[in-house]
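> Make a model of this:
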Amino acid sequence: MRVPLRVASGAWFLAWVTGGMFLAWAALLAMGVDLSGDESLTIPQLSVSAVVSWATFAVALFFLGRQYGTGEPLVDYAVAFRPIDLLAVPAGVIGQVALLPALYWPLQQIWPDTFAQDELEARARELTDAASGGTAVLLVVVVAVGAPVFEELVYRGLLQRSLVDSVGRWPGLIAAAAWFAAIHLAPIEFPGLFLAGLIFGGALHLSGRLGPAMLAHFGFNAAGLAIAFS
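You can find the predicted model right below:
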């Protein structure tokens, strides 16, 4: 499926604003959340916000598939798995436990306060510290299962392939990784998320399938949660 970049980026922006902001806010307000306060959202609240956002993107992807593809999402976004794709899981784990520290080490030497380890782990620690019992299970499902599936559909299945068609394979991969990192709105995490995007995008690039990208994303996120919970 070939979606023109202007269409793909426009659909992404519309879904991001509609789902990630208006509909997610509406859902949180319906839950009685005071969005004007300084209190952090609970894990169930964050999960509802994520699901609403993902559902909006899923609708956008469906209609793009109907317009530019076959109307079958698994076909249109190259969602396929083979046994060899399981190798992407340890690749994602290695990215989290080995490549990420190697990437941040020189940055910590140059800017020790900005890239202090406590700062890098703050968001993950905040989530895992608030998780116990059912909320811990919910956190794992959202971060290790939901995010790899829906984020890969959007950032690799749609955007990376549209970028590659528009600007070429390697520039498209790099641009998609930067897009993925920037949208998390966490400047201190940008280098690590950019690296992660390159790993996930590289999995798609090498295989031509979205399955390895999803599995690498799963390995990366699952390893990050395991570190944060430890």
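
> contacts and neighbour counts: CA atoms only from here.
OK.

> Determine which residue lies closest to the centroid of the chain.
By C-alpha atoms, centre = their mean, the chain has its centre lying nearest to Glu151, at 4.2 Å.

> list the helices and strands the helix or strand that residue falls within packs on?
If you go by DSSP states H and E, Glu151 is part of helix 147-152. Counting contacts by 3 or more C-alpha pairs under 8 Å, 6 or more residues apart in numbering; DSSP states H and E, helix 147-152 is packed against helix 210-229.

> May I see the buried residues of the helix it packs on?
210-225, 228 (16 or more other C-alpha atoms under 10 Å).

> before we move on, what about stretch 67-86?
Neighbour count says stretch 67-86 has 69, 73, 76-79, 85 buried, by 16+ other C-alpha under 10 Å.

> got the CA coordinates for that stretch in PDB?
Only the C-alpha atoms of stretch 67-86 are listed here, as PDB (Å, rounded to 0.1, in the frame of the first residue of the first chain):
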ATOM      1  CA  GLN A  67      -8.700   4.300   0.200                       C
ATOM      2  CA  TYR A  68      -5.200   3.300  -0.800                       C
ATOM      3  CA  GLY A  69      -5.000  -0.400  -0.100                       C
ATOM      4  CA  THR A  70      -7.100  -3.500   0.100                       C
ATOM      5  CA  GLY A  71      -9.200  -2.600   3.100                       C
ATOM      6  CA  GLU A  72      -7.600  -5.500   5.000                       C
ATOM      7  CA  PRO A  73      -5.300  -4.000   7.700                       C
ATOM      8  CA  LEU A  74      -3.000  -7.000   8.000                       C
ATOM      9  CA  VAL A  75      -2.200  -6.800   4.300                       C
ATOM     10  CA  ASP A  76      -2.200  -3.100   4.000                       C
ATOM     11  CA  TYR A  77       0.300  -2.500   6.800                       C
ATOM     12  CA  ALA A  78       2.400  -5.600   6.200                       C
ATOM     13  CA  VAL A  79       1.500  -7.200   9.500                       C
ATOM     14  CA  ALA A  80       2.900 -10.700   9.200                       C
ATOM     15  CA  PHE A  81       5.000 -13.000  11.400                       C
ATOM     16  CA  ARG A  82       7.500 -15.800  10.700                       C
ATOM     17  CA  PRO A  83       9.300 -18.000  13.300                       C
ATOM     18  CA  ILE A  84      12.600 -16.200  12.600                       C
ATOM     19  CA  ASP A  85      11.000 -13.000  13.700                       C
ATOM     20  CA  LEU A  86      11.300 -14.100  17.300                       C
END
